[in-house]
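> After the sequence you'll find the predicted model.
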Amino acid sequence: MRSVVAVLVWCLLLVPPAHAEELDLELVLLADATGSIDENEIRFQRRGYAEAITSASVLNAISSNIYGKIVVTYVEWADMFSQDVVVDWTVIDGKAAADDFAARLMEAPRRAYGRNAIGAALLKGKELIDTNEFQGLRRVIDLSADSANNWNGPTISEAREAVVSSGIVINGLAVLCRHCSGRPVAYDLEDRFYRDIIGGPAAFVVTADSAQTFAEAVRKKLILEIASKRETSRRILAQSAPPRPPGVAFVRARFLAGSR
C-alpha cells in the first residue's frame, strides 16, 4: 500500500502545474563571471548574447517551432555561493520581447564573483528550471566558460548526473579567445567540455576562437538549441550566414555520439 501511495505522489509531482505556460524551450544561459573575467569582459559577453538573441536568424528559429516562443534566463556564475540571476525568466516570442531582454541584460550590474564552481552553477540551472512556471518541450542548460576547473562545491560529475538524469540537456560554449577570457594552457578545453561537462540527447560544444567570433558562436549556439530538429537548424544557419571576415576562424561545433 505504501509503495502505491509513493508512486501516486511521484506521479503528481511529475504533472506540471495547471497554470504552467507551454512553449518550445526552457533555456538557462550560464555565463562565466569568475576571477578570470574582468568588468570589460562581462560587458563583452553580455553584448554577444544581447546581439545574438535579437538577431533575425535567432528570432526566425524561435518562430519556426511548434509554439513559436521560448523562455530564457541569464545567470552569471562564479563560486559555489555566487550565481546571480541577471535577467529572470523571460518569454521570447518576437522582436519586442527579445529587445527588452537584451536591454535588461546590458543594464544590470555585475554581482557574481569568485573561483570556478561549475558543479554549483549546473545545479543552479537545474533549480531554476525545476521551479519555474513554464512547461517546455525541451529543457536546456547552456554553460559558457574559459576553463573546466571546479575549485569548490559539488563536483562536475555529480552535478551533470543530477541534471541529465532529470531530462535536462547541458550544452557548452568553450571560450578560447584571449580578449574575451583566455585559454587554458595545460589541457584542451573543448575536449574537457566534451568529456566532462555536456550531456543529454544531442548535447554539443561550440567554440569561440577569437573576439570576432564570440557573438557569432553565441548566435549559432542559440539556433542549434532553439530549432527543434537538426535539419531545421542547419537550414536556418545556412540561410543567415554572414560573409566571413578575412582572418576569422569558423565557429566549430562538436556533438556527442548519438546526436540527432
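Good, I have the coordinates. Predicted, not measured: the structure shown is a model, and the values here were computed from it.
> For this protein, just list every one of the strands.
Counting by DSSP state E, the chain has strands at residues 21-32, 70-77, 83-92, 134-145, 169-175, 204-208, 252-255.
> number of nearby residues for Trp94?
Check again: residue 94 is Gly, not Trp. Around Gly94 there are 13 other residues, counting by other Cβ atoms under 10 Å. C-betas here are computed from N, CA, C, even on glycine.
> do you know how far the residue nearest to it when sequence neighbours are not counted is from Leu224?
Spatial nearest neighbour of Gly94, excluding adjacent residues (Cβ to Cβ, 6 or more residues apart in numbering): Leu59 at 6.9 Å. Separation of Leu59 from Leu224 (Cβ to Cβ, to the nearest Å) stands at 15 Å.
> between those two, which one's more packed in?
More crowded of Leu59 and Leu224, by other Cβ under 10 Å: Leu224, with 22 against 18.
> Leu25 versus that one, what's the distance?
11 Å.
> circling back to that earlier point, can you tell me which of the strands of the chain is most buried?
strand 169-175 (a mean of 27; mean count of other Cβ atoms under 10 Å).
> Residues contacting that strand, please?
32, 122, 138-146, 160, 163-164, 181-182, 189-190, 193-194, 197-208, 214, 217-218, 221, 224-225 (Cβ atoms under 8 Å, 6 or more residues apart in numbering).
> Can you give the distance of it from its chain's centre?
7 Å (Cα atoms, centre = their mean, to the nearest Å).
> Repeat that for stretch 194-205.
12 Å.
> ditto for stretch 166-178
The answer for stretch 166-178 is 6 Å, by Cα atoms, centre = their mean.
> for stretch 192-203, same thing?
On Cα atoms, centre = their mean, the centre of stretch 192-203 falls 12 Å from that of its chain.
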